[in-house]
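K.L.:
only geometry, no sequence info:
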């Protein structure tokens with residue numbers, strides 16, 4: 001159903017067309033002049049179709065069509081002109097008028113009138129739908145244009161960031177085509193290539209060696225690398241094939257080794273500490289059972305030697321005494337060698353751990369000596385070291401943490417002084433006690449620190465050293481470590497008068513106060529011992545070591561040990577490896593503490609180095625009895641007797657550290 005405005009002044013036309021519109025279900029509004037038609041359009045709103053008789057009163061059909069279609073809301077109104085007859089051939093066709101959409105002869109049949117009206121209404125709907133789609137498309141085009149512009153800006157920004165990032169790469173990066181022409185290069189590549197003045201000595205093309213390397217990469221369709229020597233510089237050049245081009249990566253490795261050594265010394269990378277702890281753990285396991293097996297073999301040989309002593313004739317005839325002496329000497333030397341390996345690994349593990357907990361007491365003097373020892377070659381040609389170590393107290397923090405602090409401070413002082421002047425350069429290293437702290441001072445007589453630099457020395461990545469010598473992390477890391485231990489680090493300097501760095505740390509105990517109470521004298525009583533370890537050879541060694549003193553049950557995993565404890569909990573001591581596959585020693589301890597609380601007091605953990613964060617956290621929170629591999633038989637027997645008496649180990653230093661951590665004395 002549509003709303004149709006019929007503008008006609010001839011009654012017969014009005015009756016015929018209104019009747020035809022009514023038969024089609026349309027609503028017809030009749031106006032007999034132009035003014036009435038315009039008022040009707042204005043009062044009733046938009047009509048769907050305008051029928052105008054050519055002889056309309058008040059100005060005619062053309063005036064109505066022009067004035068009606070000029071109204072903004074009526075511009076899409078279809079306008080159909082009703083004429084009385086078709087014009088002659090030489091008369092202009094009314095359809096040529098710009099404001100007309102169709103023409104109908106007044107004598108047309110009802111079917112033709114209805115058909116032409118419906119056709120124009122459909123045309124209007126189609127036009128409206130087209131306009132709607134066009135409007136939606138315009139909106140989408142504008143939105144997509146905006147998105148495309150934003151994406152283009154983002155791509156340009158990312159391109160600029162990528163270009164800047166590539167330019168920051170210290171190695172040279174060049175893109176060449178199949179003819180050897182340089183298409184793209186970063187700043188380092190441009191500097192290295194540099195025409196006749198660069199290391200590669202290239203102009204717009206790569207030289208023959210690089211061209212051959214690029215061809216090899218294209219033929220192999222894989223990365224190809226070769227070493228080159230130019231102007232006393234060692235280069236490593238790698239070629240990566242792509243479509244119609246090859247990426248050339250040029251790396252100057254002349255100073256790589258020295259740079260790596262300096263970096264390791266200044267930053268003491270955490271990965272090396274983790275590696276050292278892991279190596280220590282893996283070496284300590286076989287070192288333990290090798291040492292124990294050597295002890296067992298020596299014991300067996302001593303028994304044989306005693307029996308041969310009662311049979312001198314047989315011993316002389318076989319030359320057994322000489323052979324026994326040689327065998328025991330060899331075994332003793334092997335034992336000493338293994339013990340030396342164990343000591344080296346233990347020292348390496350102690351110093352290289354980068355995540356030592358604060359609940360460890362350390363002698364600052366020992367850490368200072370270790371740092372000076374590590375830097376002996378660095379200092380011997382730079383300065384004379386003057387030691388004055390008078391501290392008599394222990395401070396919180398393991399050897400690794402304090403060693404890293406002192407290493408950074410001593411290294412900075414060494415770099416501040418020129419080489420070749422040990423006769424005039426001095427480095428003073430002092431330690432002494434105050435009422436509530438241990439103070440360590442490192443002072444040099446170098447050029448000093450300018451005031452502008454002094455304000456930024458603890459700022460991360462700030463350094464005045466040449467590229468490859470300093471990273472700007474040594475002092476910030478040292479400051480963070482000292483603060484985490486509740487201490488304070490200060491710097492004093494005057495230009496031309498050297499620099500002084502002072503580290504103040506809270507003390508936790510005197511050196512004559514034992515860290516862990518020694519085990520009580522062995523009682524001689526046999527006890528039941530459960531040994532849990534994933535190393536089968538270690539379990540055999542434990543059995544051989546303890547069989548003369550205690551009754552030993554062994555299990556190769558925590559799961560097997562739990563199965564045993566489900567049926568039998570009558571054990572005086574549980575020897576347990578801290579780190580095992582599957583269920584760890586810490587997890588095993590938690591199960592036992594939940595199921596058999598009394599047994600949890602009898603654990604003695606054996607570890608070759610607790611380097612995982614979970615293991616360290618467990619040792620900090622639970623503070624169980626612990627012995628490090630490798631260990632001596634007397635040490636193990638003493639601890640077994642102590643736990644067997646249900647006398648908990650005393651750790652006065654650890655308790656003192658815990659109190660400090662809970663108080664304001666340690667400032668994080």
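P.N.:
Done, it's in. These figures come from a predicted structure and were not determined experimentally.

K.L.:
What's the first helix or strand after the longest helix anywhere in the chain?
P.N.:
Taking DSSP state H as the criterion, the chain has its longest helix at helix 110-168. Toward the C-terminal end, the helix or strand that comes next after helix 110-168 (DSSP states H and E) is strand 172-177.

K.L.:
list the buried ones in that next one?
P.N.:
Of the residues in strand 172-177, 172-176 count as buried by neighbour count, 16 or more other CB atoms under 10 Å. In short, each C-beta sits where N, CA and C put it, glycine included.

K.L.:
Return the distance of it from the chain's centre.
P.N.:
Relative to the centre of its chain, strand 172-177 is centred 30 Å away, using CA atoms, centre = their mean, to the nearest Å.

K.L.:
circling back: any idea which of the buried residues of strand 172-177 is closest to residue 12?
P.N.:
Nearest to residue 12 out of these is residue 175 (CB to CB; 87.3 Å).

K.L.:
Packing partners of the longest helix of the chain?
P.N.:
helix 11-23, strand 49-53, strand 79-83, strand 102-105 (3 or more CB pairs under 8 Å, 6 or more residues apart in numbering; DSSP states H and E).

K.L.:
Go again with 7 Å.
P.N.:
Under the contact criterion of 3 or more CB pairs under 7 Å, 6 or more residues apart in numbering; DSSP states H and E, helix 110-168 touches helix 11-23, strand 49-53, strand 102-105.

K.L.:
which one of the ones you listed lies closest to residue 637?
P.N.:
Comparing the helices and strands packed on helix 110-168 by CB to CB, strand 49-53 comes nearest, at 113.5 Å.

K.L.:
Other residues contacting that closest one?
P.N.:
2, 4-10, 13, 17, 61, 64-65, 68, 77-82, 117, 120-121 (CB atoms under 7 Å, 6 or more residues apart in numbering).

K.L.:
what are the pairing partners of that strand, and which direction each?
P.N.:
Take DSSP bridges as the rule and strand 49-53 pairs in its sheet with strand 3-7 (parallel), strand 79-83 (parallel).

K.L.:
Between helix 11-23 and that strand, find me the angle.
P.N.:
Strand 49-53 runs at 160 degrees relative to helix 11-23, counting by axes from the mean of the first three to the mean of the last three CA atoms, to 10 degrees.

K.L.:
still on that earlier bit, possible to save the strands paired with strand 49-53 as a markdown table with mean pLDDT?
P.N.:
Formatted as a markdown table, the strands paired with strand 49-53 follow (pLDDT from 0 to 100):
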| stretch | mean pLDDT |
| --- | --- |
| strand 3-7 | 84 |
| strand 79-83 | 83 |
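
K.L.:
Check which helices and strands the longest strand anywhere in the chain sits against.
P.N.:
If you go by DSSP state E, the chain has its longest strand at strand 233-242. Packing partners of strand 233-242 (3+ CB pairs under 7 Å, 6+ apart): helix 208-220, strand 224-230, strand 245-252.

K.L.:
right, so of these, which gets closest to residue 551?
P.N.:
Per CB to CB, nearest to residue 551 of the helices and strands packed on strand 233-242: strand 224-230, 62.5 Å.

K.L.:
Taking strand 233-242 as reference, get the angle to the closest one.
P.N.:
Using the same axes, to 10 degrees: strand 224-230 against strand 233-242 is 150 degrees.
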